[in-house]
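Enquirer: Just a sequence and a predicted model for now, questions to come.
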Amino acid sequence: MEEIWWKRLTNPLNFAEDIIYSVLDGKTVFVLYEKEMAWKEELIQDIVENIEKDSPNMKTNFRIPEKYAEPSEYIMTKYCSDEERNHYWPSAENTVAGFLAKSTKAALNKSNVILDLSSCGEPEKWIDFAEEYHSCFDEYDEHGVFVFFIRDTEKRIREYIKENECQSECMSYDDSIQDFDMLMLCMTILSEQNCSIQQKQYIAETAAALAEDDVETAGRLAEYKGSLPVNTLNITKKIFREHGISCEDIETRVKKALWKAQVKVLFPIIEQFRSRFISENIDILKKYPLNIYKTHSIFELEIGQLYHLCYSNQILSGKELKVLEKVRNARNSLAHLDVVPCNDVSYLMEIGQ
């Protein structure tokens with residue numbers, strides 16, 4: 001699934017490539033995300049591999065600093081030898097960032113440094129360090145490059161970067177990735193499933209609605225394919241437990257997700273059936289008065305009104321009326337925030353083809 005997500009779907013792929021191109025251009029990159037980033041480790045691995053391939057003269061490292069690590073001390077320790085550090089004497093004019101920028105022996109100046117700051121309490125300090133370091137170089141000077149992955153749940157870091165006019169690329173995962181991308185992941189997983197496009201959409205919509213913002217969970221649910229709409233509750237419980245998601249009030253969550261998916265998939269089918277039914281039976285229907293339905297146009301009749309008209313005047317055979325009744329019942333269920341039974345969902349999809 002991570003291969004599909006980061007290498008085949010347009011928005012995630014563009015997001016990853018934008019990070020890579022910015023690093024190769026020598027820019028500091030702040031990768032911000034509020035919700036969980038799907039397959040973040042795989043993205044970082046992909047970034048490292050592509051940067052190393054296109055920038056062989058630079059060494060690329062991925063690191064996760066400790067929660068309370070001080071940027072200057074951490075970078076000095078990781079990217080400067082003990083011998084070189086002995087030449088550093090701190091002062092107001094001689095900061096660690098400035099010292100490393102001027103050093104001809106510090107490994108930092110030939111490094112792409114990718115840091116996951118999701119557990120760091122003060123990412124602003126890292127931002128300040130990177131900005132000070134980069135300010136020591138002219139535009140085309142060779143220097144080290146920083147990429148920071150920062151969890152920004154309150155958009156505090158985004159505002160900090162904006163207020164301080166940081167000379168960098170700020171990329172928001174949540175702005176770049178849309179709900180549609182999660183749906184496309186599920187649809188891609190279902191691409192080889194032997195069923196109609198409507199059935200695939202229904203499974204994908206169900207998985208996406210159940211997972212809400214969790215892309216990885218949506219993908220796992222979609223992998224159950226045709227079993228998901230049939231055994232929704234048990235499958236959802238299983239996947240939620242595997243992903244550490246609370247199963248509290250799970251029945252309500254499942255019902256809401258199924259309803260949401262059914263509205264998106266079944267309402268168009270019901271409307272298409274209504275239009276087709278009127279067109280096929282217009283010669284019979286136009287013989288009966290419409291004033292009780294408060295309309296003068298047969299084409300404005302709702303599915304419930306059509307059922308009432310046909311039932312009251314015995315227009316259809318028993319089998320045909322039963323079809324119309326099922327469609328009406330499904331429409332009424334959805335309109336009252338209720339879920340259409342699984343067997344009826346399949347039936348509606350069959351008549352909608």
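Expert: The structure has been received and is ready for your questions.
Enquirer: what about Ile51, how many residues close to it?
Expert: 22 (other C-beta atoms under 10 Å). The C-beta positions use only the backbone N, C-alpha and C, and glycine is treated the same way.
Enquirer: Tell me where the stretch 101-250 of the chain has helices.
Expert: Using DSSP state H, counting those that start in this stretch, the helices of the stretch 101-250 of the chain run over 123-134, 156-163, 173-176, 179-189, 197-211, 215-222, 227-230, 232-242, 250-285.
Enquirer: Return the distance of Lys67 relative to Thr77.
Expert: As judged by C-beta to C-beta, to the nearest Å, Lys67 and Thr77 stand 16 Å apart.
Enquirer: same thing with Ala130?
Expert: For Ala130, the distance to Thr77 equals 16 Å [C-beta to C-beta].
Enquirer: more neighbours, the two?
Expert: Neighbours were counted for Ala130 and for Thr77 using other C-beta under 10 Å; Ala130 has more, 26 against 12.
Enquirer: my read: that one touches Val147, true?
Expert: No. With contact defined as C-beta atoms under 8 Å, Ala130 does not reach Val147; the gap is 9.5 Å.
Enquirer: contacting residues for Ser224?
Expert: Check again: residue 224 is Tyr, not Ser. Contacts for Tyr224 were tallied using C-beta atoms under 8 Å, 6 or more residues apart in numbering; they are Ile235.
Enquirer: quick one on the thing from earlier: who touches both of Ala130 and Val147?
Expert: Thr28.
Enquirer: still on that earlier bit, least confident of the helices of the stretch 101-250 of the chain, on average?
Expert: Lowest mean pLDDT within these: helix 156-163, a mean of 89.
Enquirer: got the angle between that helix and helix 123-134?
Expert: 30 degrees (axes from the mean of the first three to the mean of the last three C-alpha atoms, to 10 degrees).
Enquirer: Touching helix 156-163 from outside, list them.
Expert: Phe30, Leu32, Pro123, Glu124, Ile127, Ile150, Asp152, Ser168, Cys170, Ser172.
Enquirer: So what's the predicted local confidence for the residue located most distally from the centre of the chain?
Expert: Among residues of the chain, the one most distant from the C-alpha centroid is Lys287; the distance is 52.4 Å, by C-alpha atoms, centre = their mean. pLDDT recorded at Lys287 is 88.
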